[in-house]
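> here's a sequence, model it:
(one chain, ligands or ions: 1)
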Amino acid sequence: MAYEKKEQLYEGKAKKVYATQDPNVVIVSYKDDATAFNGLKKGTITGKGAINNRMTNNLMRRLEAKGVPTHLVEELSDRETAVKKVSIVPLEVIIRNLSAGSFAKRYGVEEGIVFDAPTIEFSYKNDDLGDPLINTYHALALKLATAEEIALIKNYAFTVNELLKGFMKEIGIDLVDFKLEFGRTADGQIVLADEISPDTCRLWDEKTHEKLDKDRFRRDLGGAEEAYEEVMRRLTGVE
Ligand code: 5GP
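Numbering: from 1, shown residues only. Have a look, this model is predicted:
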């Protein structure tokens, strides 16, 4: 079906969402805008929108093929994709394989410690509150999701980790950590939503340990554009 872009429904920090003629489908349009620290740091990573769109779709297609349901419907252009309309479960699901970022800071450890088993944590997706950490009891108390949905989300998240770790290893990248978001479709199915990109994952070159992700922007390391392009180049090289 040819999806027509109708009115804008929402504008987030990195994406806009538009209605289509199908009430169950929306179009996401990826921007080059980059923000960090809950919007305090703002900038642009030229070309990021197109890379994140195509990378997310590449990875979601491969996850779907391995049995993980996603919101993906159809890539429409460099920056735009038709996805199932979902209500986002307001939980950011974070999986970690190595220490980095807020984990290293919170627990006072160096970055780069390899864990024996991956960790999972949830943040309450709420910009006004700064996405605070939340446990499953709190999420249930706040009625953010049902116990069944949380169990399913945890299962999918660990499955995504195993698959994504493998996809990245094939291209010489260590998957350090990442954030996922899930949504509920009109018929109540939980599906993987949002994006999987260098904006939402920490990706380190397995040999040089060079950072190939948004930390280049967050930490003013320079070379963010080149890092995103490098991940995309390696990923599409094996497609
Ligand atoms: P940390 O908690 O260490 O800051 O982030 C852990 C992982 O989740 C990183 O890969 C980071 O990119 C991702 N992440 C956590 N929160 C957010 C968020 O609000 N936005 C984005 N884009 N990624 C996030």
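> the helix or strand hosting residue 234 near the ligand at all?
Secondary structure from DSSP states H and E places residue 234 in helix 224-237. No - using CB under 6 Å from any ligand atom, helix 224-237 stays clear of the ligand, with a minimum separation of 12.8 Å. Yep, even glycine has a C-beta here, placed from its N, CA and C like the rest.
> who does that helix touch, helix- and strand-wise?
Applying 3 or more CB pairs under 8 Å, 6 or more residues apart in numbering; DSSP states H and E, we find helix 224-237 packed against helix 48-65, helix 215-218.
> average pLDDT across that helix?
In this model, helix 224-237 carries a mean pLDDT of 96.
> can you check stretch 206-220 too?
On average, stretch 206-220 scores 98.
> circling back to that earlier point, export the helix holding residue 234 to CSV, keeping only CA atoms.
C-alpha atoms of helix 224-237 as CSV (Å, rounded to 0.1, in the frame of the first residue of the first chain):
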residue,chain,number,x,y,z
ALA,A,224,30.2,11.5,15.3
GLU,A,225,29.2,11.7,11.6
GLU,A,226,32.1,9.4,10.6
ALA,A,227,31.3,6.9,13.4
TYR,A,228,27.6,6.6,12.4
GLU,A,229,28.7,6.2,8.8
GLU,A,230,31.2,3.6,9.7
VAL,A,231,28.7,1.4,11.6
MET,A,232,26.2,1.7,8.6
ARG,A,233,29.0,0.8,6.1
ARG,A,234,29.9,-2.3,8.0
LEU,A,235,26.3,-3.3,8.5
THR,A,236,25.2,-3.0,4.9
GLY,A,237,28.4,-4.6,3.8
